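Visitor: Sequence first, predicted model second:
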Amino acid sequence: MSSHELKTGPLEYRTQEGQMTIMGFWIFLAAEIVLFSTLFATYAVLFGRTADSTPPGELFEPGIVLIMTFLLLTSSFTCGLAIHEMRRGSVKGLLIWMMITLLLGLGFLGFEIYEFIHYTHEGATMQSSAFWSAFFTLAGTHGLHVTLGIGWAILLLIQVAKRGLTPRTSRKFFVIGLYWHFLDVVWIFIFTSVYLIGMVV
Amino acid sequence: MAEHNKRIPMQHVVGFVLSIALTLLATWAALGSNLSTTWIISGIMILAVIQAGIQLFMFMHVVEFKSQNGHVPWNMMFHGAVLAAIIVAGSLFVMSFGFTHDHDGDDHQQHEQQEDDGQEQHDEGEHEGH
Amino acid sequence: MQLDEFFVTGEPLIYAGMVSIALVSAAILFILTYFKKWGWLWREWLTTVDHKKIGVMYILSALAMLFRGGADALMMRTQLAFPNMNFLNAQHYDEIFTTHGTVMIIFMAMPFLIGLMNVVVPLQIGARDVAFPYLNALSFWSFLFGAMLFNISFVIGGSPDAGWTSYTPLAGAAMSPGPGQNFYLMGLQLSGIGTLATGINFMVTILKMRAPGMKMFQMPIFTWSTLITSFIIVFAFPILTVALALMTLDRVFGAQFFTLTGEGMPMMWANLFWMWGHPEVYIVILPAFGIFSEVIATFARKQLFGYKAMVWAIILIAGLSFLVWVHHFFTMGAGAFVNSVFSISTMLIAVPTGVKIFNWLGTLYKSRINNTVAMMWSLAFIPSFVIGGVTGVMLGMASADYQFHNSYFLVAHFHYVLIAGTVFACFSGLVFWYPKMFGHKLNERLGKWSFWFFVIGFHVCFFPQYFAGLDGMPRRVFTIIPEWMPLNIISSVGAFGMGIGFAIFVFTVVYSYRYSEREKTGDSWDDGRTLEWATPTPVPFYNFATVPHINSMDAYVKLKEEGKTTFDEDKLEPIHMPSNTGQPFIMMAFLFVASFGVVFEWMWMAIAGLIAGVVMMVIRSFDYDEGFHVEIDEIKRTERSTRGL
């Protein structure tokens, strides 16, 4: 519980509290890796078990999935720029790039919701077979993470607009930056092992 | 430290361009190339791992010295990746007995296997004959 | 839903349970109101973020759960003592062995150890609290509400009855309809959140908050085992979270993961469950090893023999714990190759465990042993655990396992490792650190009585079960055939011996509260080796007035030699401490409501509870409370009165 504050370096690392929170968040991300890899394992084991429902190869469309991927990759980039602006001390830069990030995230979510509704109309639902249960759970968990991330980032935008950049607000933004990049990592694996492989096999 | 003051962080731009390029490459490999399925799957999984590395090192600063977190972030990501491999590969390994989801049921599978065995024996026999 | 569907009806034992719950609740409400203790309860306990108080609450809850799980066990042993007993019917018996297993592992063993970690670890490393005190309170309340949710199942809605492993398809919606199994899923899910948070919290605490100068290889061994345990928690609990969520989706939302329709794979549940379940076994045994190491070193009055080997053994066990899960279901039929791989990895675990046994023996060798109750629990552990370990190696041989699987041989094995390992460690650790927590020792004479009743009862209870298993008695049967009667009678007698041991222990607590001498120094056993004994008793809420510079193992031994204390008047500075808060309690209460809604599939209630929980998280996000500072004058006053200066 030391309240000593360093005088140099990025704001988010200056207090011991900040350093500890960021470390704790990295550990949390490690737990998230395990969470998602369990979902991936379930998906892999249940792959092809579509029973009487439509197989994925007939439903997955490269176009939409590529657009979703580019939206999320770009949002990860703009999120990186937001954190870069924060380290330069620019509240305005942080706010602008973060809002762009969130808009891209919302775009991603919109496409994902459209995609899910589309599959449901084609008879592929959570209930139709083991494969589709695993698909919706894996992609849905990622989508839920994105949704939570957007809600959380909005709270932080309000806080930084009110309080400016302090060790605490910077730490919070740094942490959500890690979270957002991490969701991009997860999406890369969903894109590759679910969509691409689903279209190949 | 110089990185801080630059208007545009080159590291991020390079990372972004690379990840777009790798995504396109993976998509081409999967949908446009004539590679065999095994090569496609292993190839695009490797591309995915590289992309994850780009996110971790170029965007997330997994080895940022300033954080005073020592090796912890790197360490946790490494062990997370090991665990991910154990969970996914281990599950596939352990549950592989259940991969007979063709709709004809197990009998068919066993039957097929016996046929294969018979075929192999037959082949060997032929070799001896020559 | 009718009221008689909501409450469980038709069982005299359960009516008795309802009446006793009503009476105890009424008594608690009456006492709190009559003595005007509501404010005290809220200020001192429900809103506390102090790691020592949270630890005490964990331990008290765990003891209550030990009572509940023990009562279940005695009912089972009564039913199994004689052939054709009519004490419990098949359904009731199924419910009881399910709740016994779940309660003992999830709501007794883990919280008990986490409680001890909470009390001891920050003190051992010279920290003033854990890294995230707010999160720590959140962890506790999530555990307690999860445990409550699971425990009310026997009077409301009906208990789960598919075993603590809840194998599908039996546990699926088709074969176990109704809320029973949902209680299992949501109770574990809710408390699992807290366990994961505890893992993160302790990792950061130990890595970042050690006293200045204390290197990793100078940390007390219990702290080491906590660090490694936290590491396992972080990597294992998300698997359980997913497995539980998938089964919840199956049962409540009609998904097809583990079903027999829609090409689901019931055995995937076993795979996921044990991928968490095996590391879980080490989550409850590694801290126990840490406790035994501390107690043995203290009362053998020697430095722990082979400290570094011990640490590496713990790390190796942690690594291997993620590579052996299939040995829990060799008979699933994964094939000879899969079974061989996991059989070999299982055998490997015996190596580092053996190293540790020799470390303890080496510590005891040629030492002057101080035979206290805490030490007796630790000494009893070594031979008892070896019996459990050796039979474990027998079970680890895949081909032999086809004979032992699902028999009482297995039941005897895991009770030998879990009771002789974890439960003995809980008693040993509780007796050892009791004066630090409560300011007085437990009565040694009564403690020995409870020790002997429990340990002899334990062996009498479980040793015959190995032979019952070899005679072909399968586990989870609710009635026995005459051939197995002699062994089962002996076993039941032993079980009641353990029950008496526990009763004496509870009496010891009450007796010592009234009659034990109050502690005057911080070093209760005179031979304390680690920093927790450097603090005065009762420990001030800020733990250390000044944190000494550490440059060796067994830091307190060095301090005593140098005549230093943790109260260096020249170095006093104001101490920054976190503020108390009721938010964790309220947040988890809302999530309890949400989970209850899921259990009964009342979605309006689940959504309402979830929204309220999220609102609490938003409030937390906007909470910029900075804590407060303890001024130098107050520190001086506190230290002088507690140290008798």
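Guide: Received it, and whenever you're ready, just let me know what you need.
Visitor: who does the longest helix along chain A touch, helix- and strand-wise?
Guide: Counting residues, the longest helix found in chain A (DSSP state H) is helix A:130-163. Packing partners of helix A:130-163 (3 or more CB pairs under 8 Å, 6 or more residues apart in numbering or on different chains; DSSP states H and E): helix A:16-45, helix A:91-121, helix A:167-189, helix C:221-253, helix C:603-621. Where you see a C-beta, it was placed from the backbone N, CA and C, and this is true even at glycine.
Visitor: what angle sits between the longest one and helix A:130-163?
Guide: Read that as helix C:221-253. 120 degrees (axes from the mean of the first three to the mean of the last three CA atoms, to 10 degrees).
Visitor: touching chain B at all, the next helix or strand after helix C:221-253?
Guide: Next helix or strand after helix C:221-253 toward the C-terminus (DSSP states H and E): helix C:266-299. Yes: counting by CB under 8 Å from any CB of the partner chain, chain B is contacted by helix C:266-299 at C:267-268, C:271-272, C:275.
Visitor: Can I get these in JSON lines including distance to chain A, pLDDT and neighbour count?
Guide: Formatted as JSON lines, the residues of helix C:266-299 next to chain B follow (distance: CB to the nearest CB, whole Å; pLDDT from 0 to 100; neighbours: other CB atoms under 10 Å in any protein chain shown):
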{"residue": "C:M267", "distance to chain A": "10", "pLDDT": "93", "neighbour count": "20"}
{"residue": "C:M268", "distance to chain A": "6", "pLDDT": "95", "neighbour count": "24"}
{"residue": "C:N271", "distance to chain A": "8", "pLDDT": "96", "neighbour count": "26"}
{"residue": "C:L272", "distance to chain A": "7", "pLDDT": "97", "neighbour count": "26"}
{"residue": "C:M275", "distance to chain A": "8", "pLDDT": "97", "neighbour count": "28"}
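Visitor: between those residues, which is closest to C:V24?
Guide: The nearest member of the residues of helix C:266-299 next to chain B to C:V24, counting by CB to CB, is C:L272 at 37.3 Å.
Visitor: so who does the closest residue to that closest one other than its chain neighbours touch?
Guide: Spatial nearest neighbour of C:L272, chain neighbours left out: C:A243 (4.0 Å); criterion: CB to CB, 6 or more residues apart in numbering or on different chains. C:A243 makes contact with A:38, C:269, C:272-273, C:276, according to CB atoms under 8 Å, 6 or more residues apart in numbering or on different chains.
Visitor: circling back: quick one, the longest helix of chain A and helix C:603-621 angle?
Guide: Interaxial angle, helix A:130-163 versus helix C:603-621 (the same axes, to 10 degrees): 40 degrees.
Visitor: Which residues lie in contact with residue 67 in this structure?
Guide: All of this is about chain A. Counting by CB under 8 Å, 6+ apart, A:I67 has contacts A:F111.
Visitor: ah, no, chain C please
Guide: By CB under 8 Å, 6+ apart, C:F67 lies in contact with C:F502.
Visitor: so it sits in a helix?
Guide: Yes: remark: C:F67 belongs to a helix, assigned using DSSP: H, G, I helix; E, B strand; the rest coil.
Visitor: what about chain A, any weak spots by pLDDT?
Guide: Confidence mapping of chain A against pLDDT under 70 gives the ranges A:1-4.
Visitor: And chain B, what are its domain boundaries?
Guide: Annotated domains of chain B cover B:1-60, B:68-97 [automatic domain parsing].
Visitor: Phi and psi next, for C:F628.
Guide: The phi and psi values for C:F628, taken as degrees, to the nearest 10, are phi -140, psi 170.
Visitor: Quick check, central residue of chain B?
Guide: For chain B, B:M45 is the residue whose C-alpha lies nearest the centre (CA atoms, centre = their mean; 3.0 Å).
Visitor: what about it, which SS state?
Guide: helix.
Visitor: Looks like it contacts A:I188 (just checking).
Guide: No: taking contacts as CB atoms under 8 Å, B:M45 lies outside contact range of A:I188: 10.5 Å.
Visitor: coming back round to it: so which of the contacts of C:A243 is the closest to chain B?
Guide: A:T38 (5.7 Å; CB to the nearest CB).
Visitor: list the contacts for the residue nearest to the closest one when sequence neighbours are not counted?
Guide: Closest residue to A:T38 apart from its sequence neighbours, by CB to CB, 6+ apart: C:V242 at 4.1 Å. Contacts here follow CB under 8 Å, 6+ apart; on that basis C:V242 touches A:35, A:38-39, A:42, C:272.
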